[in-house]
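[1] my questions are about this predicted structure, shown below with the sequence.
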Amino acid sequence: MPAPRTSPGLNLVPRPTQFARIQGEFVLDGETALRVGPGAEAAAALLRTLLRPATGLPLPAAPDGRIVLAVDPALSGLGEEGYGLTVGTDAVMLRAARPAGLLNGIQTLRQLLPPECLLNAPVPGVRWTLPCAQITDVPRFPWRGAMLDVARHFQPVSFLHRFVDLLAFHKLNVLHLHLTDDQGWRLPVPGWPRLTEVGSVRSETLGDGTPHSGSYTRDELTGLVAHAAERGITVVPEIEMPGHARAALAAYPALGNDPTRHLDVWTRWGVCETTFGVHEDALAFCRDVLRETMSIFPSRHLHVGGDECPTAEWEATPYARERAAALGLPGPQALHGWFMNEIAAFLASHGRTAIGWTSTGSDLGPRFTSMSWLDADHGRTAADAGHDVIMAPHRSTYLDYAQSPAPTEPPAQPGVIVTLEDVYAFEPAPSDWPPETASRVLGTQAQLWSEYWSTPSHAEYLAFPRLCALAEVAWAAPGQRSFPDFTRRLASHGDRLDALGVARTV
């Protein structure tokens, strides 16, 4: 198959499913109005919100508006998130079967306009034009996301809002928020005040002598959820268990395996041996936390971690050994699977689905959606076993790794280089997988673990432009992708990233 090429003047990222450049342009001015059909009100509000700062255009609603936004359930072939866009010299028609499709179409309109439309201040003297085009666009995968680790290095909620905006601009639809870990607890939970009073504060990081702290309020998190929903993004929270629990145990030692032991919030990276206990108080605590999490985050999926859980403490604890025997398990090591299954069943009883990190593909119970991080083959193992799978293999999706060996690169996770081409070459559902197995792949996401970055600008530098590549992998089918074509479009897309103020390499 010849390499696909985008029509001159479009240079959209991710690449649309079908498109054609048509001669001419549509001009937006102070008289331009929106014709808003039933169900399209939120899309119209978003378009005004996004364009007004730079253009100053009011874009009022009017029965004869020349930009038409319409939800038409008869367009079922566009699915939940696809859209059709026709730009003519006299009118613009944006249609979708569902409101979410219109939100994706709004981002395409932003990319078609001059890059100055992305600035956050008035830009006088610019002629606001759209190139005439015909576009039909449907995403390949329903899960297209990025994980942001705010447990190890806390980030202000303003950056989370900005990151959501950057995801939406690239038609990514999931923000996976890693809220708890050994090095920090960021979620307030009623009845457990020490989680944020104690668990959100560590005395230093790797001996630097500088305290690090931060937690979110409930209002900040619900505000983030609303901001994301307005842009078609679901916020999926992660509460780590039964390992990666040191911050919680520093606040409440009785939840662990030795209630007399004093623990600090961990000041190092790596895998900490402290884990939640397997007694009822620990399980009750986890259920309390998840109830509060569900009340803040309406997402169908909740991530409960499950990875890198040492069992040494259980093996050394008489109660854990007795509990394993009472449950008929072969030993304390098997308590990990039991613990995770208890949590998954609890979430299922509330209509939610648990996600867990898988290290083998066969280490999670049947109620879990599996997130494969260590090796892409583990994703196939999980899918073959009947799990829905989110592909997140570290050599393709971990953007906290450096993107080149250049000595000028800022600090990053050591040991692996993940280039722009590595990300673009990733295939979440390889062609040699059986169709039934491939059908269980929900999609993919990028990971930004924060051991080696602490500021928003550093995070953005690591993310871009590699996140652009992953957005195209998640949106476009393999036969529609070409790395040379992508890099050509990326050169123009760089002007958009510059207008958005994104720190990046190329």
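    Now that the structure is in, tell me what you want to look at. Numbers count the residues shown, from 1 in each chain.
[2] give the buried residues for stretch 141-153.
    141, 143-153 (16 or more other CB atoms under 10 Å). (Glycine included, C-beta is placed from N, CA and C.)
[3] need the CA coordinates for it. PDB is fine.
    Extracted as PDB, the C-alpha positions of stretch 141-153 are listed here (Å, rounded to 0.1, in the frame of the first residue of the first chain):
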ATOM      1  CA  PHE A 141     -10.000   2.700  19.700                       C
ATOM      2  CA  PRO A 142     -12.400   3.900  22.400                       C
ATOM      3  CA  TRP A 143      -9.600   4.300  25.000                       C
ATOM      4  CA  ARG A 144      -7.000   6.900  24.000                       C
ATOM      5  CA  GLY A 145      -5.400   8.300  27.000                       C
ATOM      6  CA  ALA A 146      -2.500   9.500  29.100                       C
ATOM      7  CA  MET A 147      -1.500   8.800  32.700                       C
ATOM      8  CA  LEU A 148      -0.200  11.600  34.900                       C
ATOM      9  CA  ASP A 149       1.500  10.700  38.100                       C
ATOM     10  CA  VAL A 150       0.700  13.400  40.700                       C
ATOM     11  CA  ALA A 151       1.600  11.100  43.700                       C
ATOM     12  CA  ARG A 152       5.300  11.300  43.400                       C
ATOM     13  CA  HIS A 153       5.400  15.000  42.400                       C
END
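[4] how far off centre is that stretch?
    Put simply, stretch 141-153 sits 4 Å off its chain's centre (CA atoms, centre = their mean, to the nearest Å).
[5] follow-up on the earlier one: out of the buried residues of stretch 141-153, which are inside helices?
    If you go by DSSP state H, these have nothing in helices.
[6] what about the strand or helix carrying Gly24, average pLDDT?
    Following DSSP states H and E, one finds Gly24 within strand 18-28. Averaging pLDDT along strand 18-28 yields 96.
[7] name the next helix or strand downstream of it, please.
    Defined by DSSP H and E, the subsequent element after strand 18-28 is strand 34-36.
[8] so Leu224 sits against Phe159, correct?
    No: when contacts are counted by CB atoms under 8 Å, Leu224 is not listed as touching Phe159 (10.5 Å).
[9] which strands and helices sit next to the strand holding Gly24?
    Here strand 18-28 touches strand 128-137, going by 3 or more CB pairs under 8 Å, 6 or more residues apart in numbering; DSSP states H and E.
[10] about what we covered before: mind listing what's buried in the strand holding Gly24?
    In strand 18-28, counting by 16+ other CB under 10 Å, buried: 19, 21, 25-26, 28.
[11] and of those, the nearest to Val236?
    Phe19 (30.7 Å; CB to CB).
[12] which strand residues bridge the closest one?
    Counting by DSSP bridges, Phe19 is bridged to Ile135.
[13] my guess is it contacts Cys132. True?
    No: Phe19 is beyond contact range of Cys132, at 11.6 Å (criterion: CB under 8 Å).
[14] quick one on the thing from earlier: please narrow the buried residues of stretch 141-153 to those residing in strands.
    In this view, the buried residues of stretch 141-153 that belong to strands under DSSP state E are 143-149.
[15] which one of those is nearest to Pro484?
    Nearest to Pro484 among those, counting by CB to CB, is Arg144 at 22.9 Å.
[16] any idea how far the closest one lies from Ile390?
    10 Å (CB to CB, to the nearest Å).
[17] what is in contact with the two at once?
    443-445 (CB atoms under 8 Å, 6 or more residues apart in numbering).
[18] distance to Trp314 and pLDDT added to those residues, as a markdown table?
    Below are the shared contacts of Arg144 and Ile390 laid out as a markdown table (distance: CB to CB, whole Å; pLDDT from 0 to 100):
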| residue | distance to Trp314 | pLDDT |
| --- | --- | --- |
| Gly443 | 34 | 98 |
| Thr444 | 33 | 98 |
| Gln445 | 31 | 98 |
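[19] quick check: end-to-end length of stretch 211-218?
    24 Å (CA to CA, to the nearest Å).
[20] before we move on, what about stretch 371-387?
    With CA to CA, one end of stretch 371-387 sits 10 Å from the other.
[21] so what touches it?
    In contact with stretch 371-387 (CB under 8 Å, 6+ apart) are residues 303, 307, 355-362, 364, 366, 368-370, 389-394, 396, 398, 428, 430, 433, 437-438, 440-441, 447.
[22] and stretch 304-315, by the same measure?
    With CB under 8 Å, 6+ apart, stretch 304-315 has contacts from 238-244, 256-258, 271, 273-275, 278, 290, 320-321, 324, 331-333, 335-336, 340, 343-344, 347, 354-359, 363-364, 373.
[23] in space, what's closest to Glu230 - neighbours in sequence excluded?
    Excluding its sequence neighbours, the residue lying closest to Glu230 (CB to CB, 6 or more residues apart in numbering) is Leu46, at 6.0 Å.
[24] run a quick neighbour tally on that neighbour.
    18 (other CB atoms under 10 Å).
[25] Ala100 contacts Gly79, doesn't it?
    No: Ala100 is beyond contact range of Gly79, at 9.2 Å (criterion: CB under 8 Å).
[26] who's more crowded, the two?
    Ala100 (22 against 16).
[27] for His227, see how far away that one is.
    Taken as CB to CB, the span from Ala100 to His227 is 16 Å.
[28] pull the number of nearby residues for the residue nearest to Tyr216 when sequence neighbours are not counted.
    Spatial nearest neighbour of Tyr216, excluding adjacent residues (CB to CB, 6+ apart): Arg186 at 5.7 Å. Arg186 has 24 neighbours, counted by other CB under 10 Å.
[29] what sits up against stretch 461-473?
    13-15, 144, 146, 166, 170-172, 397, 399-400, 403, 410, 412, 418, 420, 423-424, 426-428, 444-446, 448, 453, 481, 486, 490, 493-494, 497, 502-506.
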